[in-house]
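K.L.:
any chance you could fold what I've pasted below:
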Amino acid sequence: MAHVESLGFGKKGMAKFRLYIDGPKKANGKRNQKKISFPVSPAPEKVGAIIKAIENRDSGTETKTDTIMLDRFYRKAYEVAVYEAKKLEDELNRPNYVEPIINKERFVDHSARWLKYKAGTARKGKRQPKTIWRYEQLLQRIDEFFQDDFVEDINIDRTEEFYAWLARQPKKKGKFQKKDPEGLLSERTQWHYHRCLYYILEYAVAREKLASNPCRYVRPQEVPDDLDEKKPNSYTANEAAKIRELMEQQPLRNRVFIQIALEIGPRPEEIHALKWSDIDFKNRLIDFNKTWQYIPKKGSFEKPDLKNKASRRKVKVSASTIFLLKQLKNEQEKEAKKVGSKWVDSGALFVNWQGKQLAATWASGWWGKWITITGLPVKTLYCLRHTCISLLISAKANPLEVARMVGHTNAEMLWRVYGHAVEKEQFSGADIMESIMEKKEEAAKNTPQLG
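P.N.:
Numbers count the residues shown, from 1 in each chain. Below is the predicted model:
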């Protein structure tokens with residue numbers, strides 16, 4: 001039996017409802033219920049007053065006039081929604097009813113169009129190559145599930161079924177893994193799929209293929225706040241010190257890469273992209289102004305557009321890092337003389353025997369193999385960035401300076417992501433307040449009294 005669920009008011013003053021419509025049972029005997037989002041807009045001349053009344057209700061300043069106006073509008077809108085639900089249900093249950101398929105579009109065709117024209121345009125309209133590649137990876141599973149669906153038929157029920165199916169999918173084997181990994185997709189990965197599907201269906205709403213986006217009402221399982229997966233995966237101070245100690249036995253270029261990663265926490269692709277022209281030996285500065293990325297079938301390429309303005313920065317390094325960099329430069333110059341005319345002057349820090357810049361997968365490749373034989377926890381190369389930030393925050397470094405050093409726009413993200421590094425028990429708020437109060441009391445004693 002058709003019924004209506006209220007979803008409150010929208011930002012543009014409309015009353016929002018969800019219509020539940022029962023149709024004839026499916027051939028397999030299962031229930032055939034459709035859920036349809038149904039907004040009801042106020043009369044054009046009353047839109048402004050309705051929006052103002054909603055704002056007053058939300059802020060707690062609602063007047064009696066506002067209450068009467070909203071209640072009256074809601075009752076009329078509810079009657080419209082109930083009438084629409086019954087009309088649609090009667091139509092759906094009409095004998096010999098055939099659901100029209102004219103002008104319907106297959107989901108895989110719609111998702112392909114989204115990938116071609118819309119994907120990756122949210123950030124300043126730029127379709128970054130690696131972002132598009134990541135969407136291509138996510139679409140493999142999404143298209144696999146929705147391959148037989150029309151985009152117009154994607155509703156809340158179908159979206160719920162997708163997330164239930166996704167939660168049962170096994171992890172995929174990584175590039176350097178010899179056997180299939182154990183376990184199912186993590187909650188974080190499921191949310192990556194959710195965001196991708198959300199953008200695809202939002203595009204369907206914009207193309208008027210859907211009345212509303214089902215992903216607004218259905219989501220994957222929430223990641224608990226205390227789940228370790230929500231915290232950045234970093235090494236402890238002792239583990240970081242052990243890494244530096246073990247790296248003493250590694251090739252110089254490997255040592256330089258890890259030294260920079262642990263000391264100032266840049267992204268691995270930023271270190272990989274460094275050229276000798278980016279190193280200011282005199283002032284001990286490294287200029288991060290590009291990245292060196294890799295995409296299958298395309299190979300390695302330089303990307304001059306960084307993530308944001310804050311990512312382009314000059315960072316001061318220690319004297320020991322400058323010493324290692326000078327050693328690496330001397331080593332390259334000796335190698336160039338040995339190779340002779342075959343040497344290619346790429347100007348890069350990390351090069352092969354011929355002087356050509358190493359592939360963007362080089363560092364993660366040797367790191368993945370090396371860390372597994374050290375006895376230390378196996379983490380990705382990117383975790384060295386997390387380690388640097390976490391250790392600095394834990395040591396009470398200035399969050400704003402840390403944010404500038406690692407290329408974040410502000411310190412807000414540092415507190416949100418790395419705040420766990422500061423132990424609550426270490427915060428001496430009481431001592432700070434006591435010191436403030438003592439100064440106030442001392443000042444009061446020294447103030448001349450009138451009379």
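K.L.:
count of neighbours near the residue nearest to C383 when sequence neighbours are not counted?
P.N.:
Nearest in space to C383, with sequence neighbours left out and distances taken as Cβ to Cβ, 6 or more residues apart in numbering, is N233 at 5.0 Å. Just so you know, the C-beta spots here come from the backbone N, C-alpha and C atoms, and that holds for glycine as well. The tally of other residues near N233 (other Cβ atoms under 10 Å) stands at 14.
K.L.:
likewise for G368?
P.N.:
18.
K.L.:
next: the one 10 residues further on.
P.N.:
The tally of other residues near V378 (other Cβ under 10 Å) stands at 12.
K.L.:
can you pull the contacts of it?
P.N.:
Contact partners of V378, counting by Cβ atoms under 8 Å, 6 or more residues apart in numbering, are 371-372.
K.L.:
determine the longest helix present in this protein.
P.N.:
Using DSSP state H, we find that the single longest helix of the chain is helix 64-92.
K.L.:
any idea which helix or strand comes after that helix?
P.N.:
Once helix 64-92 ends, the next helix or strand along the chain (criterion: DSSP states H and E) is helix 107-117.
K.L.:
what does that next one rub up against?
P.N.:
Residues contacting helix 107-117 (Cβ under 8 Å, 6+ apart): 132, 135-136, 139, 142-143, 146-147, 149-151, 154, 199-200, 203-204, 207, 209.
K.L.:
check stretch 138-150 too.
P.N.:
101, 104-108, 111, 115, 154, 158, 162, 165-166, 169, 192-193, 196-197, 200.
K.L.:
quick one, strands of this structure?
P.N.:
Here the chain has its strands, by DSSP state E, at 3-9, 15-23, 32-40, 279-280, 285-288, 291-295, 299-303, 313-316.
K.L.:
export the ones you listed as CSV, with columns for mean neighbour count and distance to A273.
P.N.:
Below are the strands of the chain laid out as CSV (neighbours: other Cβ atoms under 10 Å; distance: least, Cβ to Cβ, whole Å):
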stretch, mean neighbour count, distance to A273
strand 3-9, 15, 48
strand 15-23, 19, 48
strand 32-40, 17, 46
strand 279-280, 17, 12
strand 285-288, 18, 8
strand 291-295, 20, 4
strand 299-303, 14, 6
strand 313-316, 16, 14
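K.L.:
of all the ones you listed, which one is nearest I373?
P.N.:
Nearest to I373 among these is strand 291-295; the distance by Cβ to Cβ comes to 24.2 Å.
K.L.:
helices of the stretch 351-451 of the chain, start to end?
P.N.:
In the stretch 351-451 of the chain, the helices defined using DSSP state H, counting those that start in this stretch lie at 362-371, 383-394, 399-406, 412-418, 429-445.
K.L.:
which of these comes out lowest on mean pLDDT?
P.N.:
Note on the helices of the stretch 351-451 of the chain: lowest mean pLDDT is at helix 429-445, with a mean of 58.
K.L.:
helices and strands of the chain: which one has the lowest mean pLDDT?
P.N.:
Every helix and strand of the chain was ranked by mean pLDDT, DSSP states H and E. The lowest is helix 429-445, at a mean of 58.
K.L.:
gap between the nearest residue to A261 once chain neighbours are set aside and L262?
P.N.:
Once flanking residues are discounted, A261 sits nearest to L384: 4.1 Å by Cβ to Cβ, 6+ apart. If you measure L384 against L262 using Cβ to Cβ, to the nearest Å, the figure is 5 Å.
K.L.:
give me the more crowded residue out of these two.
P.N.:
The neighbour count for L384 versus L262, taken as other Cβ under 10 Å, is higher for L384 (25 against 20).
K.L.:
quick check: the more buried one touching I264?
P.N.:
No: contact criterion Cβ atoms under 8 Å: L384 and I264 do not qualify, at 10.5 Å.
K.L.:
got any residues that touch both of those two?
P.N.:
Common neighbours of L384 and I264 (Cβ under 8 Å, 6+ apart) do not exist.
K.L.:
reformat the strands of the chain as a markdown table; add mean pLDDT and distance to Q250.
P.N.:
Listed next are the strands of the chain as a markdown table, based on pLDDT from 0 to 100; distance: least, Cβ to Cβ, whole Å:
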| stretch | mean pLDDT | distance to Q250 |
| --- | --- | --- |
| strand 3-9 | 87 | 59 |
| strand 15-23 | 85 | 60 |
| strand 32-40 | 80 | 58 |
| strand 279-280 | 95 | 21 |
| strand 285-288 | 93 | 21 |
| strand 291-295 | 86 | 20 |
| strand 299-303 | 84 | 22 |
| strand 313-316 | 90 | 23 |
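K.L.:
need those strands in a markdown table (columns: distance to N398).
P.N.:
Listed next are the strands of the chain as a markdown table, based on distance: least, Cβ to Cβ, whole Å:
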| stretch | distance to N398 |
| --- | --- |
| strand 3-9 | 43 |
| strand 15-23 | 46 |
| strand 32-40 | 48 |
| strand 279-280 | 23 |
| strand 285-288 | 19 |
| strand 291-295 | 26 |
| strand 299-303 | 30 |
| strand 313-316 | 14 |
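K.L.:
nearest to W353, out of the ones you listed?
P.N.:
In terms of Cβ to Cβ, the element of those nearest to W353 is strand 299-303, at 16.9 Å.
K.L.:
list the neighbouring strands of that closest one plus their orientation.
P.N.:
strand 291-295 (antiparallel) (DSSP bridges).
K.L.:
contacts for the strand it pairs with, please.
P.N.:
Against strand 291-295 from outside (Cβ under 8 Å, 6+ apart): 129-130, 133, 267, 269-270, 272-273, 300-303, 306, 357, 359-361.
K.L.:
now do 7 Å
P.N.:
Contact with strand 291-295 is made by 129-130, 133, 269-270, 272-273, 300-303, 306, 359-361, as judged by Cβ atoms under 7 Å, 6 or more residues apart in numbering.
K.L.:
what's the ChimeraX line that selects buried ones from those residues?
P.N.:
Of these, the buried ones can be selected in ChimeraX as follows, counting by 16 or more other Cβ atoms under 10 Å:
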select :130,133,269,270,272,273,300,303,306,360,361
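K.L.:
which one of the contacts of strand 291-295 sits closest to A319?
P.N.:
Nearest to A319 among these: E270, at 21.5 Å, using Cβ to Cβ.
K.L.:
show the pLDDT at the most centrally placed residue in the chain.
P.N.:
Centroid-nearest residue in the chain: H192, 7.5 Å away (criterion: Cα atoms, centre = their mean). With respect to pLDDT, H192 has a value of 90.
K.L.:
for it, what are its contacts?
P.N.:
By Cβ under 7 Å, 6+ apart, H192 lies in contact with L138.
K.L.:
again, but for the one 10 residues further on
P.N.:
With contacts defined as Cβ under 7 Å, 6+ apart, E202 is in contact with N213.
K.L.:
quick check: it vs A119, distance?
P.N.:
For E202, the distance to A119 equals 12 Å [Cβ to Cβ].
K.L.:
likewise for R219?
P.N.:
For R219, the distance to A119 - Cβ to Cβ - is 20 Å.
K.L.:
those two: which has the busier surroundings?
P.N.:
In this view R219 and A119 are compared by other Cβ under 10 Å, and A119 has more residues nearby, 21 against 14.
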